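Trainee: could you work out the structure for the sequence below:
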Amino acid sequence: MKTIPMLEMEQEFYKGFIDWVYSCRTTEAIITYRAGGELREFHVYDPMWLVNCLTKDIECLFIHKIRYSPADKDQALQFQRVVSLCFQKGINSESKWKSSWWVLEEKMKKKAKRVRDRKNRRMEENRGKFMKEQQEEEKAFKRKNEKIRIALSKKPKGCEEIYKAI
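Mentor: This is a model prediction of the structure:
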């Protein structure tokens with residue numbers, strides 16, 4: 001697997017942000033916000049999902065620290081560390097952060113495309129050859145069968161038997 005599959009996150013919750021809390025019962029962060037006239041909340045099961053938020057959303061989560069019970073400090077701070085890292089490095093759903101992995105992945109994609117194109121060209125060139133070879137094999141097979149059919153359709157010659165007296 002080359003990339004981490006990311007869940008599509010709710011965007012622009014910073015406009016009506018209320019609070020975010022770590023739930024020890026379900027081991028998830030719950031972000032509560034107001035959208036229109038209703039209260040909405042969504043559950044973040046993995047801290048890496050926060051990477052897929054907008055810049056303003058990450059900034060909002062960075063400013064408003066996560067609430068948690070003292071017993072769950074380590075788990076809750078994982079969510080806060082990811083938000084801090086995203087805020088500091090400018091990592092969010094709107095940008096590709098600069099990394100040698102991106103460059104390497106782009107090179108690998110281009111190389112794979114070149115190899116695929118080269119293979120497709122060869123297949124196209126050989127497609128006609130293969131069809132011709134197949135037709136020639138069919139013709140040779142038909143000629144061989146035709147010779148056998150003609151040979152079998154002929155009536156055998158009558159044989160004269162010569163008997164010698166003993």
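Trainee: and for residue 103, the neighbour number?
Mentor: Neighbours of residue 103 under the rule other Cβ atoms under 10 Å: 10. Backbone N, C-alpha and C define where each C-beta goes, glycine included.
Trainee: swap in the one 3 residues further on?
Mentor: For residue 106, the neighbour count with other Cβ under 10 Å is 11.
Trainee: what's the helix or strand for residue 41?
Mentor: Using DSSP states H and E, residue 41 falls within strand 38-44.
Trainee: try residue 32
Mentor: If you go by DSSP H and E, residue 32 is part of strand 28-35.
Trainee: what is that strand packed up against?
Mentor: Here strand 28-35 touches strand 17-23, strand 38-44, going by 3 or more Cβ pairs under 8 Å, 6 or more residues apart in numbering; DSSP states H and E.
Trainee: mean neighbour count, the ones you listed: which tops it?
Mentor: strand 17-23 (a mean of 17; mean count of other Cβ atoms under 10 Å).
Trainee: where in this protein is pLDDT low?
Mentor: Within the chain, the ranges that satisfy pLDDT under 70 run 1-7, 96-102, 156-161, 163, 166.
Trainee: for it, longest helix please?
Mentor: Longest helix in the chain by number of residues (criterion: DSSP state H): helix 100-153.
Trainee: would you map out the domains in this protein?
Mentor: By the assignment in automatic domain parsing, the chain contains the domains 13-94, 97-125.
Trainee: and the ones you listed: which comes nearest residue 152?
Mentor: Residue 152 sits nearest to domain 97-125 of all the domains of the chain, at 41.6 Å, using Cβ to Cβ.
Trainee: re earlier: and for the strand holding residue 32, what's in contact with it?
Mentor: 13-23, 39-45, 47, 61, 66, 76, 79 (Cβ atoms under 8 Å, 6 or more residues apart in numbering).
Trainee: one step back: make CSV out of the domains of the chain and add distance to residue 147.
Mentor: Formatted as CSV, these follow (distance: least, Cβ to Cβ, whole Å):
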stretch, distance to residue 147
domain 13-94, 72
domain 97-125, 34
